[in-house]
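S.K.: What would the 3D arrangement of this be:
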Amino acid sequence: PGVPTVGTFARTHRRVPGEPRVPGVPTAAMTESASAPEDNPEEAVFVGDEVEAIIKESIDAVLENAPYKHAFVGQWTNDVVELCVKRLAGLNKPFKYVVTCVIMQRNGAGLHTAASCFWDNDVDGSRTVRWENQQMYCVVTGFGLAL
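M.R.: Numbers count the residues shown, from 1 in each chain. The predicted structure is shown next:
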């Protein structure tokens, strides 16, 4: 328990309340200068549907109606992740966000992705969106980690 398993998609591991997020680094609850809990505890909960909508809208804004062109893939991936992070940060929730993006030409080749996280399942979360058109696939994952 508590040891991340590599190679399992979206596997999460429960962190014991009060346990440091990073070993050796105390949490706010463990320090003398701990701040009061948030006025609205629901603000500090990852809302997957909200994150999924932001990811879908960001992908559409960048890739809608675009034909696959290898030369543009680097810029597209950067644009998608930057737009996602900007919009997620705009929610003004006490989270750190990590967004990944993979764009792949539709040519019959397989693609497998995996993620493993060690976090607090009560407040942290992730959402993966698979988007496609006639010429490409785009897979975006957004991770939200409560502060």
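S.K.: Quick check: the gap between Ser126 and Leu83.
M.R.: Counting by C-beta to C-beta, to the nearest Å, the gap from Ser126 to Leu83 is 18 Å. Where you see a C-beta, it was placed from the backbone N, CA and C, and this is true even at glycine.
S.K.: What segments of the chain are strands?
M.R.: Assigned strands in the chain, in chain order: 11-14, 95-105, 116-119, 125-132, 136-146 (criterion: DSSP state E).
S.K.: So for the fourth one, mean pLDDT?
M.R.: If you average the pLDDT over strand 125-132, you get 95.
S.K.: How about residues contacting that strand?
M.R.: By C-beta atoms under 8 Å, 6 or more residues apart in numbering, the residues outside strand 125-132 that reach it are 10, 12, 46, 48, 51-52, 55-56, 59-60, 63, 106, 115, 117, 137-144.
S.K.: buried subset of those residues?
M.R.: Of the members of the contacts of strand 125-132, the ones counted as buried by neighbours, 16 or more other C-beta atoms under 10 Å, are 12, 46, 51, 55, 59, 63, 115, 117, 137-144.
S.K.: quick one: low-confidence parts of this protein?
M.R.: Applying pLDDT under 70 to the chain flags residues 1-42.
S.K.: Recalculate using a threshold of 90.
M.R.: Scanning the chain with the threshold set as pLDDT under 90 gives 1-46, 48, 65, 107-118.
S.K.: And the helices in it?
M.R.: 48-63, 73-89 (DSSP state H).
S.K.: Many thanks, have a good one.
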